[in-house]
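> Quick one: sequence and predicted model below, then my questions.
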Amino acid sequence: MPILEIKNAELSIDNKKILKGLSLNVNEGETHAIMGPNGSGKSTLSYMLAGRDGYELDNGSINFENIDLTPLSPDERSNLGLFLAFQYPVELPGVSSTNFLREIFNSRKKYLGENELSHLDFIKLLRKVAENLSIKDEMLKRYVNFGFSGGEKKRFEILQMALLDPKISVLDETDSGLDVDALKIVSEGVNNLKDKKNAVVVITHYQRLLDYIKPDIVHIMSDGKIIKSGDADLALYVEKNGYSEILNEKS
Amino acid sequence: MKKARNDQFFSNLEKFVNKVYPNQPQRKPYLNLKSWPSPRDEAWKFSRLGNLARKNILPLNFENQQDFNINKLIKDSISLVFVNGKFEKKLSDKLLSEIVIEEVQIEDFKEIINKFDNLSVKNHPTLNSTLSCSEKFFKIKFKNDIKFYKPIEIFNLGGTENTSIHPFIFIDLDKNTNVQVFQHYSTYAGLLAPFEIINLSENSNLEIIKIYDDKINSHNLSLTLSVIKEEANLRSFALIKGGEFTRSEMHTLLEGENSNADINGIYLSSGNQHHDLTSCVYHNVPNCKSSQIVKGVLGEESTAVFQGKVRVEKLAQKTEAKQMSRAIMLSDKAVSNSKPELEIYADDVICGHGATVGELDEDQIFYLSSRGISKQKAKVILIDAFLNEMISLSISDKFHDIIYNKTKTKINKLLTNEYE
């Protein structure tokens, strides 16, 4: 069953066309990778999906389980089960990490009509989930992303993903700024959350992350649309030959 | 059409003083002001008194007949209640024997005022009007027989739209005392002119929390002069949220070595409110520290001012002084002014200042919303974080929640009336 259907998405920022007719279908249980050179519109795609102000479609449609996403605010999209792991997670000085996580966890539970957890039960759950991602208690006592290292920020994104249990997760350059050990922890975290009912879209520059998170389908994005799709071998091809050959093939 | 500015208050005041206190020549020198400070006066440039000058206000001179509910913030505190500027023993709690509240005369604190003579407070309307017309001058003395007191809560109540009230309090801490004072300003007065003097003897500690929450037509021109001796510590925090116009002005003189003054505050401004935190800290001796840190949230068409001055005398080496002002604007019609001033004559000092004004951060709001939190809730979280940091920094942990809760209703109001 399709979770996400993007049809002919066109989007401009400051009167400059960034997405030029992008289409993408993601079904339950699938892992997609979107690769492409700088400036191809990958991050714009992720903001567009999350519903950021200023990233509204000019043309085309986005459906999430047959619900039109375009009129929905970022929080409504999140509540439906869409998660964006940020390329650059935002620091929130003064907002305690634990309180923040409890707030987002309980607001998701509330939306799903499930019981919110008491402070104590939440802390127990949080400890368990955090441990799997090698996140120490000490880090949860700090302000959200404030003074976190690059690796800590990315692990904290995956921790939020684990707590929110989304149907589709878009990971925007989650591998950037990670060393190999951190990359392994983050990838394992993502793989552990993956099941037959949800889906993952990995946006990345390099093939290296795809050694750990195995994609079913790989898309090459260029100049605001997807120009080629294939299986995992396509990523290996790009890694070996670069983007230029595929780009030339198209033009 | 706006009524003409007439400054009638000062002729009213003079008539009042001549009639009520005909035989008290010591009040006369404080009748020298004939008008409110004008915008040309540097100290009042950003806080204009035109509206006040157009009001026809008389000093209040009748006995209180009203009943008041005294809502203490702290269960076991000792309340001192001032109605219409006069001490109401009946409404106040019984004092402990270590706390003396006594009537004093201008001569008894003249020496302290004189220390500030050259420091631009000489012609301050609050100093002048309150010393000339306040019925009684009260001193609260904390004796050093015991080291810890229960918190004191001073309530300023009463007033009417066309009257002014003039409470005077002299807070005097003996050596080695440790005192916490809450000052509530919750009057209906057209003009509230509270004049306070604080004297901190060697090694004493005063934490004073001022909550300005007068009714919406009030002008509050609060003035506090503090003198701090060796090893003493003044921790002052002002929460300004009420009134049409509220200025909390503090002049703090560090005259004993190793003393410390934190003059911090938060203002939450909505509607057409004008809020002003003005603070001058004078480092006269070496090895003292001070901070003036102010944060504000402004909505609708409100305006606010932070004026912070630090003066470090030539002698005052090894001074550490910090100034910082940050404002969050929820409306593009609100205006925030910041005027930090450093006047440094010593060469071995650490002084820093900075000021920022801005809207709530769009990236932060988006990040929170992308996690399922509504935009409105995201703003509440970010403002809470902004203020909580400030409250934690400024006051004792045990009062944190009390003060935080005092900000809550105002923040909700600010966000409900937010201009998009």
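Received it, and whenever you're ready, just let me know what you need. Here the structure is a predicted model, which is why all the values come from computation and not from measurement.
> Based on its surroundings, how many neighbours for the residue nearest to B:P39 when sequence neighbours are not counted?
The shortest distance from B:P39 to any non-neighbouring residue, by C-beta to C-beta, 6 or more residues apart in numbering or on different chains, is to B:R48 (5.1 Å). Quick note: C-beta positions are derived from backbone N, CA and C, even for glycine. By the criterion of other C-beta atoms under 10 Å in any protein chain shown, B:R48 has 16 neighbours.
> cool, and A:D231?
Neighbourhood size, A:D231 [other C-beta under 10 Å]: 11.
> my read: it touches A:V218, true?
Yes - A:D231 lies in contact with A:V218 (C-beta atoms under 8 Å); the separation is 6.8 Å.
> circling back to that earlier point, from B:K241, how far out is the residue nearest to B:P39?
Distance of B:R48 to B:K241, computed by C-beta to C-beta, to the nearest Å: 20 Å.
> OK, contacts around the closest residue to chain A within the stretch 51-200 of chain B?
The stretch 51-200 of chain B approaches chain A most closely through B:L73 (23.5 Å), counting by C-beta to the nearest C-beta. Going by C-beta atoms under 8 Å, 6 or more residues apart in numbering or on different chains, B:L73 touches B:153, B:182, B:402.
> Check which helix or strand it maps to.
Counting by DSSP states H and E, no helix or strand carries B:L73.
> Just the closest residue of the stretch 301-420 of chain B to chain A, please.
B:A385 (2.9 Å).
> Can you tell me the element that residue falls in?
Applying DSSP H and E, one finds B:A385 within helix B:375-394.
> Ok, A:M48 next?
With DSSP H and E as the test, A:M48 turns up in helix A:42-50.
> Make sure A:R155 is indeed in a helix.
Yes - counting by DSSP: H, G, I helix; E, B strand; the rest coil, A:R155 is part of a helix.
> Leaving aside the residues adjacent along the chain, what's closest to it?
Nearest to A:R155 is A:L133, by C-beta to C-beta, 6+ apart, at 4.9 Å.
> For residue 33, which three-state class applies?
Just going to use chain A. strand.
> wait, chain B
At B:L33 the chain is in coil, as set by three-state DSSP.
> what about it, neighbour count?
Using other C-beta under 10 Å, the number of residues around B:L33 comes to 19.
> Next: B:A334.
24.
> Likewise for B:F82?
B:F82 has 26 neighbouring residues, counting by other C-beta under 10 Å.
> so what strands line up beside the helix or strand hosting it?
Per DSSP H and E, B:F82 falls inside strand B:78-83. When sheet partners are counted by DSSP bridges, strand B:78-83 sits next to strand B:86-88 (antiparallel), strand B:152-157 (parallel).
> What lies in contact with the last one?
To tie it back to what came earlier, the one meant is strand B:152-157. Contacts for strand B:152-157 (C-beta under 8 Å, 6+ apart): B:68, B:70, B:72-74, B:77-85, B:99, B:140, B:165, B:167, B:169, B:179-187, B:192, B:194.
> isn't A:P74 right next to B:E362, touching?
No - if you go by C-beta under 8 Å, A:P74 and B:E362 don't touch, sitting 11.6 Å apart.
> Between the two, tell me which one has more neighbours.
Neighbours per residue (other C-beta under 10 Å) separate A:P74 from B:E362, with A:P74 holding more: 28 against 12.
> For that one, which non-adjacent residue is closest in space?
B:S369 (3.8 Å).
> contacting residues around that neighbour?
A:51, A:73-75, A:78, B:375, B:378.
> now that we have the residues you listed, which one has the most neighbours?
For the contacts of B:S369, the largest number of neighbours (other C-beta under 10 Å) sits with A:P74, at 28 neighbours.
> so A:G151, which of the three states?
Classification of A:G151 using three-state DSSP returns helix.
> Flag every residue of the stretch 1-150 of chain A that's near chain B.
Within reach of chain B by C-beta under 8 Å from any C-beta of the partner chain, the stretch 1-150 of chain A has these residues: A:50-53, A:73-75, A:77-79, A:84, A:86, A:89-90, A:92-95, A:100, A:103-104, A:107-108, A:111, A:143.
> Buried only: go through these for me.
Buried members of those, counted by 16 or more other C-beta atoms under 10 Å in any protein chain shown: A:50-52, A:74-75, A:77-79, A:84, A:86, A:89-90, A:92, A:94-95, A:100, A:103-104, A:107-108, A:143.
> Which strand or helix spans the residue in chain A positioned nearest to chain B?
Taking C-beta to the nearest C-beta, chain B has its nearest neighbour within chain A at A:G94, 2.9 Å off. For A:G94, the host element (DSSP H and E) is strand A:92-96.
> what do you get for A:Y111?
Judged by DSSP H and E, A:Y111 forms part of helix A:97-112.
> Tell me which other helices or strands that helix touches.
Helix A:97-112 sits against helix A:74-80, helix A:119-132, helix A:137-140, strand A:143-144, helix A:150-164, with contacts defined as 3 or more C-beta pairs under 8 Å, 6 or more residues apart in numbering or on different chains; DSSP states H and E.
> Can I get these in TSV including distance to B:P59 and mean pLDDT?
Formatted as TSV, these follow (distance: least, C-beta to C-beta, whole Å; pLDDT from 0 to 100):
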stretch	distance to B:P59	mean pLDDT
helix A:74-80	55	96
helix A:119-132	54	94
helix A:137-140	58	92
strand A:143-144	50	95
helix A:150-164	61	94
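> With distance to B:Q317 as extra columns, can I get the ones you listed in CSV?
Below are the helices and strands packed on helix A:97-112 laid out as CSV (distance: least, C-beta to C-beta, whole Å):
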stretch, distance to B:Q317
helix A:74-80, 54
helix A:119-132, 49
helix A:137-140, 40
strand A:143-144, 36
helix A:150-164, 42
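> Now do the contacts for the closest residue to A:K184 other than its chain neighbours.
Residue nearest to A:K184 in three dimensions, not counting chain neighbours: A:Y212, with 6.4 Å by C-beta to C-beta, 6+ apart. Counting by C-beta under 8 Å, 6+ apart, A:Y212 touches A:183-184, A:187-188, A:191.
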